[in-house]
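1. Mind looking at a prediction? Sequence and model below.
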Amino acid sequence: MKEKLLKLWASSRNEKGEIDIGGILVMGIGMVFLAVGFIMYPIVMTATDALLSYSYTTNATCQASYFTGFTPIVGITPLLVLIGYLSAAVFAMYLGVKIMKSGTGGTKLDLGTMLLLGISLIFIAIGLIIIPVTLEAICTVLHGGGTGINASYTGLSPILRVTPLLVLVSFIAGAVITGFFGIKKLTA
């Protein structure tokens, strides 16, 4: 038994292993997505709570529930953010393991890739910052100084009532798309 161990040890001393740093890097990015997801989750919860309890300062009839489809999307946003970050983390970890196991492929580290990954995180934050400003501006137009919207503006009210939903969905979609292409470009 001792002789077999000595032969195994002697043969292993001459072997040199390779570590694919690209795979380790992609797995590290997966861990960053996981950490950022759990860091951002309470922030997103606080922001969405504020959006759900929104009430226009001048006229209390203009609330979050006044806008078409806005309340359900705001209510599901924290779940989407958490699932998005967890999915990105799992996907990046899977790709990292796949790169390390196969020994083929690699990563392309360039500024564009890192910017795409960073912008995907920023889109959510910017969206949650812009939405209250959007709500206040739209309620100002809908309120019209107490007189409402001028009747000559045909169809403006329904479009304004759906605008906050469109703004929020566009920022979430922007985050998903830039994050996907950032990870895809990183491992292409």
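-> Yep, that arrived. Numbering: from 1, shown residues only.
2. I figured residue 123 hits residue 169, correct?
-> No - with contact defined as CB atoms under 8 Å, residue 123 and residue 169 do not form a contacting pair (11.6 Å). (Glycine included, C-beta is placed from N, CA and C.)
3. Just the buried positions in whichever strand or helix holds residue 183, please.
-> Element membership of residue 183, judged by DSSP states H and E, is helix 156-187. Residues of helix 156-187 classed as buried by neighbour count (16 or more other CB atoms under 10 Å): 160-161, 163-165, 167-168, 171-172, 174-176, 178-183, 185-187.
4. which residues in the protein form helices?
-> Per DSSP state H, the chain carries helices over the ranges 2-13, 21-52, 70-102, 111-143, 156-187.
5. gap between the residue nearest to residue 162 when sequence neighbours are not counted and residue 85?
-> Spatial nearest neighbour of residue 162, chain neighbours left out: residue 68 (4.5 Å); criterion: CB to CB, 6 or more residues apart in numbering. Separation of residue 68 from residue 85 (CB to CB, to the nearest Å): 28 Å.
6. Between these two, which is the more surrounded one?
-> Set residue 68 next to residue 85 and count neighbours by other CB atoms under 10 Å: residue 85 wins out with 26 against 14.
7. wait, isn't the more buried one in contact with residue 39?
-> No - using CB under 8 Å, residue 85 is not in contact with residue 39; the gap is 9.3 Å.
8. Backbone dihedrals for the residue nearest to residue 162, please?
-> phi -60, psi 120 (degrees, to the nearest 10).
9. before we move on, back to that, closest to residue 58 out of the helices of the chain?
-> helix 111-143 (5.9 Å; CB to CB).
10. What residues sit buried inside the closest one?
-> Using 16+ other CB under 10 Å as the test for burial, helix 111-143 gives 113, 116-117, 119-121, 123-124, 127-128, 131, 134-135, 138-139, 142-143.
11. before we move on, what about stretch 92-101?
-> 92-93, 95-96, 99-100.
12. Reformat those as CSV; add pLDDT and distance to residue 58.
-> CSV is the format used below for the buried residues of stretch 92-101 (pLDDT from 0 to 100; distance: CB to CB, whole Å):
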residue, pLDDT, distance to residue 58
92, 79, 47
93, 82, 50
95, 79, 51
96, 78, 53
99, 74, 57
100, 72, 59
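13. Dump those residues into a markdown table; add distance to residue 62 as well.
-> Converted to a markdown table, those look like this (distance: CB to CB, whole Å):
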| residue | distance to residue 62 |
| --- | --- |
| 92 | 42 |
| 93 | 45 |
| 95 | 46 |
| 96 | 48 |
| 99 | 52 |
| 100 | 55 |
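14. Where does pLDDT dip in the protein?
-> Low-confidence segments of the chain (pLDDT under 70): 1, 5-20, 102-111, 145-146, 186-188.
15. can we see that at 80?
-> For the chain, the stretches flagged by pLDDT under 80 are 1-23, 26, 57-61, 92, 95-118, 120-121, 144-152, 179, 182-188.
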